[in-house]
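Enquirer: Give the three-dimensional model of this entry:
(chains A and B)
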Amino acid sequence: MPKLEARGVWKSFGRNEVCRGIDLSVSEGEMVCLIGASGSGKSTLLRCLNLLEPIDDGEIWLDGMDISTPGLDPQPVRQRIGMVFQSFNLFPHMTAVENVMLAPSRVKKLTRDQLLPEVSQLFGRFGLTDRMQHYPDQLSGGQQQRVAIVRALAMRPEIMLFDEITSALDPELVGEVLDVLRQLRNEGMTMVLATHEMGFARELADKVCFLDQGVILEEGSPEQVFGAPEKDRTRAFLKRVL
Amino acid sequence: MILLVPLAPGWEAVKKSFFNAEVFARTFPGLLEAFLLDVAIFAWSAPLIFILGLLIALARDVRAPALYPLRLFGIVYTDIFRGVPVILVIYLIGFGVPGLGLPRPWNSPYIWGTVALVLTYAAYVAEVFRTGIESIHQSQRSAAASLGLSSADTMRFVILPQAVRRVVPANMNLFIALQKDVALLSFIGPVEIFRQAGVYKSLLANFTPYVGAALIFLAITIPATRYADYLLNRQLRERS
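Expert: Sure, this is the predicted structure:
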């Protein structure tokens, strides 16, 4: 049984149909990379997966449960699915450690002292121990994005969604963030990434999906999609970005 | 103007009745004392306005369809109280409610005058808060939602702390205006500084007490305005 599954997901904003019947299946421990041009529906698909956007048609299944049923409370679902955004979206009025502790303390009703050991360990794991008391605007882009990842991990999610998390970074800061992803990959985290980092996708993904005009045009192992793409549009896209 | 006005034919008379040093010295302490009442009314109105304004702004922000009546209430409220002159609200409430024949102290013009000010200013403050809430980027709500925070927690811990800080200068300006509008309560009874000045005027047949009252207001409002400007400029610098 797939861990997370999209079945025929349709989503439009006004007349703009962004997802036009997307099927996607993610198994436990798998890393799936969504590639494709801007506007192909990658980000919207991710936002639909953790119910940030209500879908117009289709279903989304998590662990054998249809989580797209109308009227279902999205909060418990979102607590199980972490998400990291392109523009970090840290809370600017809170220090790094406050950013990370807010959700666990409110949702799981744990005190600061109860959370601190685990949270400190997370900061340590990603080389951020000396940045815990800093405010977001005192951190570099790469550090902010790593804090955002720590913030999502502090909820102990079963799946992580990453929405082009290196696109807003200066080139020299991309590496440190990709290292974090590598680390999570090694620890067996189930991950779905929308990404423009083709080299990274090729190196680490279990499955690569090429999105084009709101559908998954082609999917398969990195060797297949990057090495021997079947569709013309996939070839044209890869030619442009590689 | 300083050169020309004294040349006007009536200047000597005006000088005597508006800028009379002797009258000024005699009435100023009394005016200061009356001003304490303005300060007191301001001091207990301001927190009430802050709270009510915040509640109205929150009512206007609710997105659940089931709570639409709350939202509608917020809209109607701000429309009405921003649309009617303050002095009319003070008259209607300040004279109307005590007219119901309530027992003491509930017939006091202090209470109902204050209520009128609070109701009116809360509408303006609510609009300022709403602007602040809407100025916080949608991505902050997305981030909070993705962490599994409830919408109430998102508002309380993520949106409001940022929004309230952002609109401090705008709210300062409203509270400076409130400080002056407290004088309007004189029309329904309380002997605050404006009314006290009127009493002196009748007593001494001289307008100088009004000038004294104006000076006292300026002594408060000018520093407060400067401070609001300073906060605003600092904020603009921080964001650029």
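Enquirer: Contact residues of chain A facing chain B?
Expert: A:47, A:50, A:52, A:74-76, A:78-79, A:81-83, A:85, A:87, A:89-93, A:102-103, A:106-107, A:148, A:151-152, A:155 (C-beta under 8 Å from any C-beta of the partner chain). For the C-beta atoms, the positions are set from N, CA and C on the backbone; glycine is no exception.
Enquirer: At which residues are the helices of chain A located?
Expert: A:42-49, A:74-80, A:96-107, A:112-125, A:141-153, A:171-186, A:198-204, A:222, A:232-241 (DSSP state H).
Enquirer: for the fifth one, packing partners?
Expert: Secondary-structure packing of helix A:141-153 (3 or more C-beta pairs under 8 Å, 6 or more residues apart in numbering or on different chains; DSSP states H and E): strand A:81-84, helix A:96-107, helix A:112-125, strand A:159-163, helix A:171-186.
Enquirer: so which of these gets nearest B:Phe81?
Expert: Closest to B:Phe81 of these, according to C-beta to C-beta: helix A:96-107, at 34.5 Å.
Enquirer: and that closest one, what does it pack onto?
Expert: Using 3+ C-beta pairs under 8 Å, 6+ apart, helix A:96-107 is in contact with helix A:74-80, helix A:112-125, helix A:141-153.
Enquirer: Name all residues that make contact with the residue nearest the centre of chain B.
Expert: Nearest to the mean C-alpha position of chain B, by C-alpha atoms, centre = their mean, lies B:Leu178 at 1.9 Å. By C-beta atoms under 8 Å, 6 or more residues apart in numbering or on different chains, B:Leu178 lies in contact with B:Phe42, B:Ser45, B:Ala46, B:Ile49, B:Leu117, B:Tyr121.
Enquirer: repeat for A:Ala228
Expert: So A:Ala228 contacts nothing (C-beta under 8 Å, 6+ apart).
Enquirer: and the residue nearest to B:Ala34 when sequence neighbours are not counted, helix, strand or coil?
Expert: Among residues not flanking B:Ala34 along the chain, B:Gln196 sits closest, at 3.6 Å (C-beta to C-beta, 6 or more residues apart in numbering or on different chains). Here B:Gln196 takes the helix state, with states given by DSSP: H, G, I helix; E, B strand; the rest coil.
Enquirer: where's B:Gln196 relative to B:Glu33, distance?
Expert: 8 Å (C-beta to C-beta, to the nearest Å).
Enquirer: Kindly report the same for B:Leu184.
Expert: 20 Å.
Enquirer: likewise B:Arg165?
Expert: Counting by C-beta to C-beta - B:Arg165 and B:Glu33 are separated by 37 Å.
Enquirer: sorry, back to before: and the host helix or strand of the residue nearest to the centre of chain B, what's buried?
Expert: Using DSSP states H and E, B:Leu178 maps to helix B:168-181. Neighbour-count burial for helix B:168-181 flags B:Pro169, B:Ala170, B:Asn171, B:Met172, B:Asn173, B:Leu174, B:Phe175, B:Ile176, B:Leu178, B:Gln179, B:Asp181 (criterion: 16 or more other C-beta atoms under 10 Å in any protein chain shown).
Enquirer: Over to stretch B:17-31?
Expert: Taking 16+ other C-beta under 10 Å as the criterion, stretch B:17-31 shows B:Ser17, B:Asn20, B:Val23, B:Phe24, B:Arg26, B:Thr27, B:Phe28, B:Gly30, B:Leu31 as buried.
Enquirer: Ok, stretch B:228-240 next?
Expert: B:Ala228.
Enquirer: Ok, stretch B:128-138 next?
Expert: For stretch B:128-138, using 16+ other C-beta under 10 Å, the buried residues are B:Val128, B:Phe129, B:Arg130, B:Gly132, B:Ile133, B:Ile136.
Enquirer: so which of the residues you listed also contact chain A?
Expert: Applying C-beta under 8 Å from any C-beta to the buried residues of stretch B:128-138, none is adjacent to chain A.
Enquirer: Name the spans of chain B whose pLDDT lies under the cut-off.
Expert: B:239-240 (pLDDT under 70).
Enquirer: Going along the chain, name the helices of it.
Expert: Using DSSP H, helices in chain B cover B:11-18, B:21-61, B:68-83, B:86-96, B:109-135, B:138-146, B:151-153, B:160-166, B:168-181, B:193-204, B:208-239.
Enquirer: Out of these, which gets nearest to A:Gly127?
Expert: Using C-beta to C-beta, the nearest of these to A:Gly127 is helix B:138-146, at 22.2 Å.
Enquirer: got a list of contacts for that closest one?
Expert: Counting by C-beta under 8 Å, 6+ apart, residues outside helix B:138-146 touching it are A:47, A:50, A:52, A:74, A:78, A:81-83, A:85, A:87, A:89-91, A:103, A:148, A:152, B:151, B:153-154, B:157-159, B:162.
Enquirer: Thank you, goodbye.
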